[in-house]
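>>> Need the 3D shape of this:
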Amino acid sequence: PDSGAALLKAQHPDFEEYSAGVHASAGVSCADCHMPKAMDGGSLKTSHFITSPLKDVPGTCGSCHRDRAPEWLASRVKDTQDRVFGAQRDAGAAVADAHAAIAAATARGASEKRLQAARSLVREAQWYWDFVASANSMGFHAPTAALGDLAKATAAAYRAKLALYE
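Modelled structure (predicted):
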């Protein structure tokens, strides 16, 4: 409501995010990580308790990455997620600043042409930010793509602010 921009909302684009990552290109399925194998009465079966791979690193990540300690694997996931979370916070702040700048420009009586240009750009920025923010992996499924989307969000937010001025 502050900027008057019509926004889009992503709804948990985890499959789309995963499809851009290294695990998808290696043929690893969702079930390989999120439904690990478990012993059941002497038989090895696929777990039907869908959860974070971090709850059973030896049984999830460790089933392929046998040469790495579970602690190292978990730290890689957390480092990736921390890096993406930091970029997501920065991009979110840039998007919020753009919304506020549009609201201020509206109050100053900026031209409708400039406001529409800024609203279009903040809509784009919001979409890229929300695509990452609404996924459950905090960027782990495809960290390069997530960081790229957040960079696009930040750039579009800054361009939205620039569109308001002569």
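>>> Any regions of this structure where pLDDT drops low?
Along the chain, the parts satisfying pLDDT under 70 run over 166.
>>> Just give me the longest helix of it.
helix 70-108 (DSSP state H).
>>> can you pull the buried residues of that helix?
With burial defined by 16 or more other C-beta atoms under 10 Å, the residues of helix 70-108 counted as buried are 70, 73, 77, 80-81, 84, 87-88, 91-92, 94-96, 98-99, 101-102, 105-106. All C-beta atoms are positioned from the backbone trio N, CA, C, and that covers glycine.
>>> Show me what that helix packs onto, helices and strands only.
helix 112-133, helix 143-162 (3 or more C-beta pairs under 8 Å, 6 or more residues apart in numbering; DSSP states H and E).
>>> what's the closest of these to Ala26?
Nearest to Ala26 among the helices and strands packed on helix 70-108 is helix 143-162; the distance by C-beta to C-beta comes to 14.6 Å.
>>> Remind me what the closest one packs against, helices and strands.
Counting by 3+ C-beta pairs under 8 Å, 6+ apart, helix 143-162 packs on helix 70-108, helix 112-133.
>>> Can you give me the distance of Ala101 to Asp56?
46 Å (C-beta to C-beta, to the nearest Å).
>>> Check His99 too.
Taking C-beta to C-beta, one finds His99 at 41 Å from Asp56.
>>> The residue most central in space within the chain and Arg66: what is the separation?
Central residue of the chain (C-alpha atoms, centre = their mean): Val132, 1.9 Å from the mean position. As judged by C-beta to C-beta, Val132 and Arg66 stand 31 Å apart.
>>> can you check Ala26 too?
15 Å.
>>> what does Gln11 give?
For Gln11, the distance to Arg66 - C-beta to C-beta - is 36 Å.
>>> likewise Thr154?
38 Å.
>>> Show me which of these two is the more surrounded one.
The neighbour count for Thr154 versus Arg66, taken as other C-beta atoms under 10 Å, is higher for Thr154 (21 against 8).
>>> Cross-check the contact I'm expecting between the more buried one and Gln88.
No. Taking contacts as C-beta atoms under 8 Å, Thr154 lies outside contact range of Gln88: 10.2 Å.
>>> what's near enough to touch Phe85?
Taking C-beta atoms under 8 Å, 6 or more residues apart in numbering as the criterion, Phe85 is in contact with Met138, Gly139.
>>> rerun that using 7 Å as the cut-off
Met138 (C-beta atoms under 7 Å, 6 or more residues apart in numbering).
>>> For it, give its distance to Ser134.
Taken as C-beta to C-beta, the span from Phe85 to Ser134 is 14 Å.
>>> Thanks again, I'm all set now.
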